[in-house]
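Q: Predicted model and sequence follow; I will ask about them next.
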Amino acid sequence: MNQTADALSLNAIDDKLSQRHINLDPGGYFIIYLDREAGLICAKHFTNVIDDRGLAIDPETGKVIPARGKVERTQCTLFTGRTAKELCVAIFEQTQPCPVTLFDHAAYLGREFVRAENALINGQEYVQD
């Protein structure tokens, strides 16, 4: 198998895994983006409550937070860092209580922060998975 075929099969694995069901974190969710001018990876943290159906609910309005589309909410905290490691230390080690309560969510954030860091370094577009 050549390198192109290897990359395609790895992308297929990632694409398939991105479609799996995940339990939402009762600690909230993050919107990750790049601030290229400042050279920063940014992560807005939003709180939510998970109802008995497994849906994320806005604690202020009691309404379901849609998974797609524009949602007008104010973040609780904005975390920033120049590297994935700096951001992870700020969120997981320096913030008490930690806003992330599920291990799979922590692993996902670590992967996304590395992707964002690579995009920042290489001048590529970053779109959160």
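A: Cool, got the structure. Numbering: from 1, shown residues only.

Q: Isn't residue 25 up against residue 105?
A: Yes: Residue 25 lies in contact with residue 105 (Cβ atoms under 8 Å); the separation is 4.3 Å. Yep, even glycine has a C-beta here, placed from its N, CA and C like the rest.

Q: which other residues reach the longest helix seen in the chain?
A: As assigned by DSSP state H, the longest helix anywhere in the chain is helix 103-122. With Cβ atoms under 8 Å, 6 or more residues apart in numbering as the test, helix 103-122 has contacts from 22-23, 25, 27, 30, 32-34, 36, 39-41, 43, 81, 83-84, 87-88, 91-92, 100, 124-126, 128-129.

Q: Show the residue spans covered by the helices in this structure.
A: 3-18, 84-88, 103-122.

Q: okay, these, which one's buried deepest?
A: Greatest average neighbour count among those goes to helix 84-88 (a mean of 19), per mean count of other Cβ atoms under 10 Å.

Q: No further queries at this time; thank you.
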